[in-house]
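Asker: predicted model and sequence follow; I will ask about them next.
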Amino acid sequence: MTTRTGNAAALSPFQQFVRSESFGGFLLIASAALAMIAANSALGPAYFSWKETYCGLQFGEWALKKPLELWVNDGLMALFFLLVGLEIKRELISGELSRPRDAALSVFAALGGMVVPALIYTAFNWGGPGLPGWGIPMATDIAFAIGVLSLAGSRAPVSLKIFLTALAIVDDLGAVAVIALFYTESLAMVKLLLSVAILIFPFLYGRMGGTRLWVYLLFGAVSWYFMLKSGVHATVAGVFLAMTLPISRKLDEPAATRKLRHALDRSDFEEREADFEEIEHVVAQAQSPLHRLEHALHPLSAYFIMPVFAFINAGVALNAESLGANPITLGALFGLVFGKPLGVFAFAWLSVKAGLAALPSGVNWKQIFSVGVLAGIGFTMSFFIAGLGFKEPLMLDQAKIGILAASVIAAVAGLVGIFLTGKAAPEQREA
């Protein structure tokens, strides 16, 4: 009889992450499809005017009002970037990027996957008005890419999924740096310094053993406000806040052991259950603030923030002007579809040949190239950078069309590549 090994409760943290990101990727696709339908139907005028609806907060003379689209891109996306920052810190300290030798392949591959696409885009747009979008093809949408990779099932070994995840996380770190350094039009230095200085308080709170997440989020919200007013994109405050959360927390093992033994010694079922609930609470509190916030944000990001962002940003009115051949669309398309796999493969191959990195167990070069193709799914981060680079609606639409076309091509071609280059694992049977 064929059986499944393990169950949902026995999933490793990485497997749980992949499942969450996979479903989130499918939600992204559905949200983007709905946005395109709305933008190119009788609902089009309502869709575009709805995004420009102003809303906000006001207390006396103080007011913070923005169009709904900017509340999503500056506000909700700050939580997404907070999650990105938490993932980056976790991977650097205790994850796949914590060991230089293991991390090297993903770091070099991600570097190639940023440099080569940016150069291709720049070549198409050199000296033209589309040049500010050079950062568009640099990023990889981790939710979308993992979601597509999951369709390959056992043909994609876990080591390959880990490689793609680590590559995308390094990619995100590069995208954050690009946003902070190159997509800031004007800089209010005092407000920027205030935004950073405020984060000293949650950092000290964590160093003193503070565990209440609302304290970190409260200071983070104040930091976000001053970052918004500084000229640096407000979402960067989310990454900075993530760096202040402690990742280590000690469990009082003797006390937990005593509680467990006491519970097991009880004969009364209800009393035993009450003890188990108390032990569960003790173990939960032993998790670090970073892990607790990361676990809380994952479903919020995958099932709400990213689909809302996709619905707000993916709607493009298709017409002769937006669909015509132009350097912005072609730069984004060629950068993502061709630049990503070439950059990922070339830099990964060079790092291995130079002895700086090694291929993951059970992974071959054809699979590395196929993952490079999947990395061409820019989507979320590419949309985000396009919105920062272009204020003129037609140029933004042209960039979005290139991103959408590239993401579809990369998803299909990458999945076909994984199927052709991977071997299905044999089913496990039991008597």
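Answerer: Alright, I've got the coordinates. Everything numeric here is computed off the predicted structure, so don't read it as measured data.
Asker: rest of the way, CA atoms for contacts and neighbours
Answerer: Fine.
Asker: residue 147 falls within a strand, correct?
Answerer: No. If the criterion is DSSP: H, G, I helix; E, B strand; the rest coil, then residue 147 is helix and not within a strand.
Asker: and the pLDDT at it?
Answerer: Here the pLDDT value assigned to residue 147 is 75.
Asker: so where is the protein shaky, pLDDT-wise?
Answerer: Within the chain, the stretches with pLDDT under 70 are 1-25, 96, 249-286, 422-431.
Asker: buried sites along stretch 155-171?
Answerer: 155-158, 160-171 (16 or more other CA atoms under 10 Å).
Asker: closest to residue 373 among these?
Answerer: If you rank the buried residues of stretch 155-171 by distance to residue 373 using CA to CA, residue 164 comes first, at 10.8 Å.
Asker: what residues are up against the closest one?
Answerer: By CA atoms under 8 Å, 6 or more residues apart in numbering, residue 164 lies in contact with 106, 146, 371, 375.
Asker: how near is it to residue 171?
Answerer: Separation of residue 164 from residue 171 (CA to CA, to the nearest Å): 10 Å.
Asker: for this structure, longest helix please?
Answerer: Looking across the chain with DSSP state H, the single longest helix is helix 393-421.
Asker: would you mark the buried spots in that helix?
Answerer: Neighbour-count burial for helix 393-421 [16+ other CA under 10 Å]: 395-411, 413-415, 417-419, 421.
Asker: mind giving me the packing neighbours of that helix?
Answerer: Under the contact criterion of 3 or more CA pairs under 8 Å, 6 or more residues apart in numbering; DSSP states H and E, helix 393-421 touches helix 142-150, helix 320-323, helix 327-334, helix 365-374, helix 379-389.
Asker: which secondary structure elements does the shortest one contact?
Answerer: It refers to helix 320-323. Using 3+ CA pairs under 8 Å, 6+ apart, helix 320-323 is in contact with helix 393-421.
Asker: tell me the one among the buried residues of stretch 155-171 nearest to residue 32.
Answerer: For these, the closest approach to residue 32 (CA to CA) belongs to residue 168, at 20.6 Å.
Asker: can you pull the contacts of that closest one?
Answerer: 110, 139-142, 375.
Asker: which of the residues you listed are buried?
Answerer: Neighbour-count burial (16+ other CA under 10 Å) is assigned, among these, to 110, 139-142, 375.
Asker: could you pull out the strands in the stretch 1-150 of the chain for me?
Answerer: Using DSSP state E, counting those that start in this stretch, the strands of the stretch 1-150 of the chain run over residues 54-59, 62-67.
Asker: now these in a markdown table, with mean neighbour count?
Answerer: Shown next, in a markdown table, are the strands of the stretch 1-150 of the chain (neighbours: other CA atoms under 10 Å):
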| stretch | mean neighbour count |
| --- | --- |
| strand 54-59 | 10 |
| strand 62-67 | 12 |
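Asker: and those as CSV, adding distance to residue 307?
Answerer: Formatted as CSV, these follow (distance: least, CA to CA, whole Å):
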stretch, distance to residue 307
strand 54-59, 20
strand 62-67, 18
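Asker: so for residue 35, which of the ones you listed sits nearest?
Answerer: Nearest of these (CA to CA): strand 62-67, 17.6 Å.
Asker: now the angle between strand 54-59 and the closest one, please.
Answerer: With axes from the mean of the first three to the mean of the last three CA atoms, to 10 degrees as the basis, strand 62-67 and strand 54-59 are set at 170 degrees to each other.
Asker: strand 62-67: partners in the sheet, and parallel or antiparallel?
Answerer: Counting by DSSP bridges, the strands paired with strand 62-67 are strand 54-59 (antiparallel).
Asker: my guess is residue 86 contacts residue 240, does it?
Answerer: No. At 9.6 Å, residue 86 and residue 240 do not qualify as touching, with contact defined as CA atoms under 8 Å.
Asker: cool, thanks, talk later.
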